[in-house]
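> Using only what follows, build the 3D model:
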Amino acid sequence: MKYPETQKFWHYLLMLFFDGARGRMHYRRWPVENNVAVVVLLPGLGQHSGHYHRLARTLKAIDVEMWALDTAGHGLSEGDPEHPGTLAELVADATRLVELTRAELPHTPMVLMGHSLGAVTALGMLGAAIPDVGSEADLSAVEANVPVTPSLPVEDLTGLVLSGVPKRALGGGVPGALGTPMPAHLPVLAVHGMEDRRAPIDAMRVWTARHETVNLREYADAGHDLLHEPGHARVAGDIAQWLRNAVVGLARQR
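Predicted coordinates:
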């Protein structure tokens with residue numbers, strides 16, 4: 001039986017589950033035969049993996065496979081959508097998905113990607129989702145609520161893509177700050193709308209200036225939800241180009 005291109009794409013979509021600490025977690029996988037890399041995507045609050053089929057199709061065009069998690073209480077994952085969990089719990093769920101991806105694709109270069117809350121989670125997995133501790137009266141409260149050590153070896157990652165990162169996660173990088181510094185060799189792409197009111201871009205500009213390996217792409221007339229706004233195709237294309245040039249090329253040199 002022959003499928004039109006769109007039907008073919010959905011035909012090869014896999015909807016899968018794993019048992020998390022707080023319930024059954026759902027994730028999607030868009031397999032790519034002879035893939036050159038895999039992106040593990042963590043969506044933002046109020047979103048789920050099914051919202052990212054267009055990005056998965058764009059990545060498939062450059063032979064990059066995508067896996068995406070439904071945050072607890074979102075999509076088909078169990079839980080309360082109003083209370084998706086602490087950052088430590090979100091990090092645990094995301095780390096489990098990375099482990100499943102690595103078990104299935106042990107030799108495939110892996111890129112971690114997060115949008116909004118998912119970006120905070122991605123930084124938390126690296127021990128780098130640290131608030132501006134200069135505004136915290138009790139530093140022990142920061143250490144108790146925010147992971148300050150990585151939950152996965154950075155050697156497992158070939159790159160990191162961040163979208164719409166809230167200011168509360170961007171205190172890391174200050175000399176002497178809590179948490180683990182961003183790895184000096186890890187390529188990072190940050191995409192951010194210049195009209196983002198939920199996560200104003202100024203904090204990301206400051207954070208980018210602290211890290212030599214971060215490539216910040218700014219989008220005029222764009223808000224918080226870059227991959228679902230009118231300019232989504234341009235953003236997805238820029239992500240794909242960066243993956244092809246900065247990440248896939250780097251992986252092939254190793």
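> residue contacts, residue 187?
158-160, 213, 215, 246-247, 250 (CB atoms under 8 Å, 6 or more residues apart in numbering). Just so you know, the C-beta spots here come from the backbone N, C-alpha and C atoms, and that holds for glycine as well.
> Name the nearest residue to it, ignoring sequence neighbours.
residue 159 (4.6 Å; CB to CB, 6 or more residues apart in numbering).
> quick one: the one you found from residue 22, how far?
As judged by CB to CB, to the nearest Å, residue 159 and residue 22 stand 29 Å apart.
> just residue 120 next, same as before
The value you get for residue 120 to residue 22, if CB to CB is used, is 18 Å.
> just residue 177 next, same as before
According to CB to CB, residue 177 and residue 22 sit 30 Å apart.
> ok, now residue 46?
18 Å.
> Comparing those two, which shows the higher neighbour count?
Here residue 46 and residue 22 are compared on neighbour count by other CB atoms under 10 Å; more neighbours surround residue 22, at 17 against 13.
> in terms of contact, does the more buried one touch residue 72 like I think?
Yes. Counting by CB atoms under 8 Å, residue 72 is a contact partner of residue 22 at 5.8 Å.
> okay, and the common contacts of the two?
Common neighbours of residue 22 and residue 72 (CB under 8 Å, 6+ apart) are 78-79, 85, 89, 93.
> Could you pick out the buried ones from those residues?
79, 85, 89, 93 (16 or more other CB atoms under 10 Å).
> residue ranges for the helices of this protein, please.
With helices called from DSSP state H, the chain shows them at 5-11, 53-60, 87-104, 117-125, 139-145, 201-209, 232-242, 249-253.
> Just give the number of residues close to the spatially closest residue to residue 126 that is not a sequence neighbour.
Of all residues not flanking residue 126 in the chain, residue 150 sits nearest, at 5.2 Å (CB to CB, 6+ apart). By the measure other CB under 10 Å, the count of residues near residue 150 is 18.
> could you check the distance from residue 150 over to residue 185?
14 Å.
> what does residue 27 give?
As judged by CB to CB, residue 27 and residue 185 stand 28 Å apart.
> higher neighbour count, the two?
Taking other CB under 10 Å, residue 27 and residue 185 do not tie; residue 27 has more neighbours (25 against 9).
> pLDDT weak spots in the stretch 51-200 of the chain?
132-144, 173-176 (pLDDT under 70).
> ok, 50 please
136-137 (pLDDT under 50).
> At which residues are the strands of it located?
64-69, 110-115, 159-163, 188-193 (DSSP state E, counting those that start in this stretch).
> Who are the contact partners of the residue nearest to residue 89 when sequence neighbours are not counted?
Spatial nearest neighbour of residue 89, chain neighbours left out: residue 22 (6.4 Å); criterion: CB to CB, 6+ apart. Counting by CB under 8 Å, 6+ apart, residue 22 touches 72, 78-79, 85, 89, 93.
> so can I have TSV of those residues showing distance to residue 106?
Below are those laid out as TSV (distance: CB to CB, whole Å):
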residue	distance to residue 106
72	27
78	29
79	30
85	28
89	27
93	21
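> surely residue 87 meets residue 145?
Yes. Between residue 87 and residue 145 a contact is recorded at 6.8 Å, counting by CB under 8 Å.
> More neighbours: which of the two?
residue 87 (19 against 11).
> ok, and the closest non-adjacent residue to that one?
Distance criterion CB to CB, 6+ apart; nearest residue to residue 87, sequence neighbours excluded, is residue 124 at 5.0 Å.
> correct me, but the one you found touches residue 86?
No. Applying CB under 8 Å, one finds residue 124 not in contact with residue 86, separated by 9.9 Å.
> Please say which of these two ends up with more neighbours.
Higher neighbour count among residue 124 and residue 86: residue 124, with 28 against 14, using other CB under 10 Å.
> distance of that one from residue 24?
Taking CB to CB, one finds residue 124 at 22 Å from residue 24.
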